[in-house]
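Undergrad: sequence and predicted model, in that order:
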Amino acid sequence: MKPNELRLGNLISLAYDPEKYGVVIALDATGMVHLGNKEKVDDIRDVIGLTITEALLEKLGYETTLYTNDHEITLAFTGKRVTVIIDEAITYNLRFFHELQNVVFINTGRELLGPPEFVYHETHEW
């Protein structure tokens, strides 16, 4: 993963402990990433994307069709990827939840997750 793929609020996992995940609360151009539920920062090489699955969406309270800011966002699962269709016009093929967060924000101006939901939670495990 590269630092320019992430932004504050992205939900990601840890390469050395993939069952745990957290929200990015700080990052810099040198590749240091701080998750809200960890005391110490991690190197960008230690973080990985959290694969989008129907189970993950359900856990976060979403379905395969999302509505935000007068936009309809449909997710179609095909193997290890998800096709994201926005307003039946714009299509993306994604694999990770932070990519979905970024695409939704770019196209609607809205965040999928509010920071208080995850930032200060002690541990997130599947």
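TA: Looks like it came in fine.
Undergrad: all helices for this protein, in order.
TA: 54-59, 97-108 (DSSP state H).
Undergrad: and those, which is most packed in?
TA: Across the helices of the chain, averaging neighbours per residue (mean count of other CB atoms under 10 Å) puts helix 97-108 on top, at a mean of 20. Every residue, glycine included, has its C-beta placed from N, CA and C.
Undergrad: for A15, which of the helices of the chain is the nearest?
TA: Smallest distance to A15 across those (CB to CB): 14.2 Å, for helix 97-108.
Undergrad: just checking, what packs against the closest one?
TA: Applying 3 or more CB pairs under 8 Å, 6 or more residues apart in numbering; DSSP states H and E, one finds that helix 97-108 makes contact with strand 11-14, strand 47-49, strand 65-68, strand 71-78, strand 81-86, strand 90-94.
Undergrad: contacts for the longest one next, please.
TA: Right, the one you point to is strand 71-78. Contact with strand 71-78 is made by 52-54, 57, 64-67, 82-88, 100, 104, 107-108, as judged by CB atoms under 8 Å, 6 or more residues apart in numbering.
Undergrad: many thanks, I have nothing further to ask.
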